[in-house]
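K.L.:
just coords:
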């Protein structure tokens, strides 16, 4: 799906900027899903902040990094997940048990795995970061 490719390109841009020790990353093109994904990363302390510029036209997002991200990816395929399977999925997908988040689009909005488990909702996996 197109939207996931846009998201994945953006997440690759972030990872590459982190690896080069950059303070910011510029993302373009942008999507609403991207903003939700970044909000979760910010809430969980993986990025400092981000600004959306001119969302009505092409748009651009500037992300303020803090060197915490090892990797982040978007799934380019549909992966449906039930609430009771989220924890198992996280353990299988993320290289470490201590940190990292799976991002899921649910009927309650786009949530990280902890929120989804707390609210007992499943949905589709969008991606993950650690």
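P.N.:
Sure, I can see it. None of these values were measured; they are calculated from a predicted model.
K.L.:
Okay, now stretch 27-35: how far is its last residue from its first?
P.N.:
Across its full length, stretch 27-35 reaches 11 Å between end residues, using C-alpha to C-alpha, to the nearest Å.
K.L.:
what comes into contact with that stretch?
P.N.:
Contacts with stretch 27-35, where a contact means C-beta atoms under 8 Å, 6 or more residues apart in numbering, come from 3, 6-7, 10, 13-14, 50, 52, 55, 58-63, 105, 110, 126. Any C-beta I mention is one placed from the backbone N, CA and C, and that applies to glycine too.
K.L.:
mean confidence score for it?
P.N.:
pLDDT averaged over stretch 27-35 equals 94, rounded to a whole number.
K.L.:
can you offset everything so residue one is 790?
P.N.:
OK, 790 is where the count begins now, so the last one is stretch 816-824.
K.L.:
So which bits of it are buried?
P.N.:
Residues of stretch 816-824 classed as buried: 816, 819, 820, 822, 823, 824 (neighbour count, 16 or more other C-beta atoms under 10 Å).
K.L.:
I am finished for the moment; much appreciated.
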